[in-house]
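>>> Kindly return the folded structure for what I paste below:
(4 chains)
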Protein chains: 2
Amino acid sequence: MDFTDVSLVALRVFQEVAERGTLTSAAASLGYTQSAVSRQIASLERAAGGPLLERRRDGVRLTAAGHVLLRRAAVVLEQIDAAGRELAGLPADAGAVRLGWFASAGGALVPAAVAALRRTHPGITVTSREGSTPVLVRALRAGTLDLVVVASAPPFRPPDTGSPPLELRTLSERGLLLAVPATHPLAAEDSVDVADLRGQRWIAGHSGDDKLMGVWPGLDERQEIAHTARDWLAKLHLVAAGCGLTTLPPSLLPVVPPGVRVVTVRGGPSEQRRILLAWLPGKLTKPATLLANALSAVGPA
Amino acid sequence: MDFTDVSLVALRVFQEVAERGTLTSAAASLGYTQSAVSRQIASLERAAGGPLLERRRDGVRLTAAGHVLLRRAAVVLEQIDAAGRELAGLPADAGAVRLGWFASAGGALVPAAVAALRRTHPGITVTSREGSTPVLVRALRAGTLDLVVVASAPPFRPPDTGSPPLELRTLSERGLLLAVPATHPLAAEDSVDVADLRGQRWIAGHSGDDKLMGVWPGLDERQEIAHTARDWLAKLHLVAAGCGLTTLPPSLLPVVPPGVRVVTVRGGPSEQRRILLAWLPGKLTKPATLLANALSAVGPA
DNA sequence: GAAGTCCATGACGTCCACGCATACCAGACA
DNA sequence: TGTCTGGTATGCGTGGACGTCATGGACTTC
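Purely as a prediction, here's the structure:
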């Protein structure tokens, strides 16, 4: 089979696989069987004349050829969707941005920026989804998102090593904070010493690999994790209820509920956190630029 | 069926139909049955939610929706082809131009320009085909050609009324000429009077509608057509053999064979002929620009 | 009116892509 | 070492999509 008549569903499947990282989850997300996805990819690879995915233990990764195809496929599918909208009579929707953000940006940064943008440019419609950095970056490369907000910790490596390299803009860089119950002894001062953190009870997240997310970094491994919660609202109210401590990205400062005291930690290595804006070079539409500026404006606040 | 999973072959069929102007000839060109093409289009129209083609006596014409789709489809198919080349290891071929030209530009103008371009920019590969103005213009709009050379006669209407309007550049504007056998009485002078052309024997072309192509325009209908020939080489040698007269576009002056004398005609309405370069706005690649300049350089010669 | 153009459509056959079930492979863990 | 749990690949049967063939309808041309 020639490459000239691959099926569009195959391309869409491929895009989803590239974004998800496994055939199985792509299948689930598309409402297909894993077997169907496997076959689609196989047929695509036959058409392409070589492997597009590198099979690994925990899923798949794109080969060089895969990256090549993904870039083209994103354009193709975008054109098809645009054609569909246009033919349906909708006005080509040139004023849409698709934003991705990591969890703690959803508390204040993203809502504030979107609200500000709606005030200054009511014509722009922003859609967004939450996700982890790798998920968001893959979505960016797959052409499913236009702009993402991700976090970065020392040593501040770029969010991926793909090609072409992502365009980055630092929204803010501030020190990591500590959330303690207002009733806790450590809440007495504006600042606590890192030595005082040993032996505390912690509220951790469990977002993927980083099992110690929420525990102050650099402490030894034997910390007591009293609770785990993915949701910031839950975590903060667990803190307020005196159930333990947790780390707090500065971006959530404006939305800390009563009963929680936020302090800085002195001593120990630098625990700066950057919030980065990332996008694909050359793919920044006008609405996306405006949204990026709105995010920059509220970022340092 | 949703529009999101139309088949690429359907798009390719649609593109070919748009370019050919009839389902039947598109089918022939693609190696399909006319019925298959008819079904493909029907299914595309079902997916699009409305007619894409306006059925007329002599074929089909694009509706507004059809134009919308054609523009998108051209991008899609180009991306797919580019992906195919890239995956096959070919170097993305950024240095290619596809040129279209009307018959009499093939005698000297196109060969000279292509040769000049090859001298100055050996990296650019030009491919080209000959065709009538409507064929070339449709191919331009279908995304099959990047640049076309067409002729235009008074009152110099644009080559089509489509949207967006084509970008045009006039390569040259000169008066129509008359080719006469060197042995003919009219060959005595550099210039003959239009009144002397009555009652001559003519060598006409039969390219499509214009049955009188080759006969000096404005004469009454009752001219004797001694021979018809599509090919310029044949026409010119028929003239050299004394078989009759024919009109000659100035662009062929450099390649007139011995035995043929070229003269101007005085009296009668203006018979200027323009040679135009046309392309789709925004679609002029760098190699295409260079070819356009090369054509401009030899155009007035 | 006969012949030619065009496009549409009913009746079929073939093939492809799906789901299901299963096989396979590697790591985690008791 | 066996078993469980992620992953991906594949044999098999079925339904639908997409071809061809043949025919029909609308219209122009001779």
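>>> C-alpha only now, for contacts and for neighbours.
Fine.
>>> in the stretch 101-250 of chain A, which ranges drop under the pLDDT threshold?
Where the stretch 101-250 of chain A drops to pLDDT under 70, the residues are A:206-212, A:220-226, A:228-229, A:243.
>>> those strands in it, which residues are they?
A:125-130, A:147-152, A:167-175, A:177-181, A:191-193, A:201-204, A:224-228, A:246-248 (DSSP state E, counting those that start in this stretch).
>>> As TSV, the ones you listed with mean neighbour count would be great.
Below are these laid out as TSV (neighbours: other CA atoms under 10 Å in any protein chain shown):
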stretch	mean neighbour count
strand A:125-130	15
strand A:147-152	25
strand A:167-175	16
strand A:177-181	24
strand A:191-193	15
strand A:201-204	24
strand A:224-228	16
strand A:246-248	25
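>>> Switch those strands over to CSV; also include distance to DNA strand D.
Converted to CSV, the strands of the stretch 101-250 of chain A look like this (distance: least, CA to the nearest atom of the strand, whole Å):
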stretch, distance to DNA strand D
strand A:125-130, 19
strand A:147-152, 23
strand A:167-175, 29
strand A:177-181, 33
strand A:191-193, 40
strand A:201-204, 21
strand A:224-228, 19
strand A:246-248, 28
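>>> out of the ones you listed, nearest to residue B:260?
Closest approach to residue B:260 among the strands of the stretch 101-250 of chain A (CA to CA): strand A:167-175, 65.9 Å.
>>> Extract the CA atoms of that closest one and return them as CSV.
Extracted as CSV, the C-alpha positions of strand A:167-175 are listed here (Å, rounded to 0.1, in the frame of the first residue of the first chain):
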residue,chain,number,x,y,z
GLU,A,167,9.7,27.7,22.8
LEU,A,168,9.8,28.7,26.5
ARG,A,169,8.9,31.7,28.5
THR,A,170,9.3,32.0,32.2
LEU,A,171,6.2,33.3,33.9
SER,A,172,7.6,33.5,37.4
GLU,A,173,10.2,32.1,39.6
ARG,A,174,9.7,31.9,43.3
GLY,A,175,10.6,29.7,46.2
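>>> Measure how that strand sits relative to strand A:147-152, angle-wise.
40 degrees (axes from the mean of the first three to the mean of the last three CA atoms, to 10 degrees).
>>> so what does strand A:167-175 touch, helix or strand wise?
For strand A:167-175, the packing partners by 3 or more CA pairs under 8 Å, 6 or more residues apart in numbering or on different chains; DSSP states H and E come out as strand A:272-279.
>>> pLDDT averaged over the strand it packs on - what is it?
The pLDDT scores in strand A:272-279 average 89.
>>> so after it, what's the next helix or strand?
Later in the chain than strand A:272-279, the nearest helix or strand by DSSP states H and E is helix A:286-298.
>>> Make JSON lines from the strands of the stretch 101-250 of chain A and add distance to residue A:284 to it.
Below are those laid out as JSON lines (distance: least, CA to CA, whole Å):
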{"stretch": "strand A:125-130", "distance to residue A:284": "14"}
{"stretch": "strand A:147-152", "distance to residue A:284": "8"}
{"stretch": "strand A:167-175", "distance to residue A:284": "10"}
{"stretch": "strand A:177-181", "distance to residue A:284": "33"}
{"stretch": "strand A:191-193", "distance to residue A:284": "41"}
{"stretch": "strand A:201-204", "distance to residue A:284": "36"}
{"stretch": "strand A:224-228", "distance to residue A:284": "38"}
{"stretch": "strand A:246-248", "distance to residue A:284": "31"}
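>>> Can you say which of those is nearest to DNA strand C?
Of all the strands of the stretch 101-250 of chain A, it is strand A:224-228 that lies closest to DNA strand C, at 17.2 Å by CA to the nearest atom of the strand.
>>> Which residue ranges of chain A form helices?
For chain A, the helices defined by DSSP state H occupy A:8-20, A:23-30, A:34-48, A:64-87, A:109-120, A:133-142, A:232-240, A:286-298.
>>> Comparing those helices by mean pLDDT, which bottoms out?
Among those, helix A:232-240 carries the lowest mean pLDDT, a mean of 77.
>>> How about residue A:179, nearest residue that isn't a chain neighbour?
Leaving aside its chain neighbours, residue A:179 sits nearest to residue A:262 (4.6 Å; criterion: CA to CA, 6 or more residues apart in numbering or on different chains).
>>> what about that neighbour, how many residues close to it?
Neighbours of residue A:262 under the rule other CA atoms under 10 Å in any protein chain shown: 22.
>>> Out of the helices of chain A, the one nearest DNA strand C is which?
Nearest to DNA strand C, of all these, is helix A:34-48, at 4.2 Å by CA to the nearest atom of the strand.
>>> OK, contacts around the closest residue to DNA strand D within the stretch 51-200 of chain A?
Closest residue of the stretch 51-200 of chain A to DNA strand D, CA to the nearest atom of the strand: residue A:59 (3.8 Å). Listed by CA atoms under 8 Å, 6 or more residues apart in numbering or on different chains, the contact partners of residue A:59 are A:21-23.
>>> Of those, which is the most crowded?
Counting neighbours by other CA under 10 Å, residue A:23 leads the contacts of residue A:59 with 23 neighbours.
>>> which residues does that residue contact?
A:17, A:34, A:37-38, A:59-60.
>>> One more pass at 7 Å, please.
Counting by CA atoms under 7 Å, 6 or more residues apart in numbering or on different chains, residue A:23 makes contact with A:17, A:34, A:37-38.
>>> Buried by neighbour count, from these: which ones?
Buried subset of the contacts of residue A:23 (neighbour count, 16 or more other CA atoms under 10 Å in any protein chain shown): A:17, A:34, A:37-38.
>>> Report the two of these separated the most.
A:17 and A:34 (10.9 Å).
>>> hey, what's residue A:266 bridged with?
Taking DSSP bridges, one obtains residue A:193 as the residues bridged to residue A:266.
>>> Repeat that for residue A:62.
Beta-bridge partners, per DSSP bridges, of residue A:62: residue A:53.
>>> count of residues packed around it?
If you count neighbours by other CA under 10 Å, residue A:62 ends up with 19.
>>> distance of it from residue A:162?
Distance of residue A:62 to residue A:162, computed by CA to CA, to the nearest Å: 10 Å.
>>> Ok, residue A:75 next?
Where residue A:162 is concerned, residue A:75 sits at a distance of 18 Å (CA to CA).
>>> These two: which is more packed in?
Neighbours per residue (other CA under 10 Å) separate residue A:75 from residue A:162, with residue A:75 holding more: 17 against 14.
>>> quick revisit: mind putting the helices of chain A into TSV with distance to DNA strand D?
Shown next, in TSV, are the helices of chain A (distance: least, CA to the nearest atom of the strand, whole Å):
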stretch	distance to DNA strand D
helix A:8-20	8
helix A:23-30	4
helix A:34-48	4
helix A:64-87	14
helix A:109-120	30
helix A:133-142	14
helix A:232-240	25
helix A:286-298	32
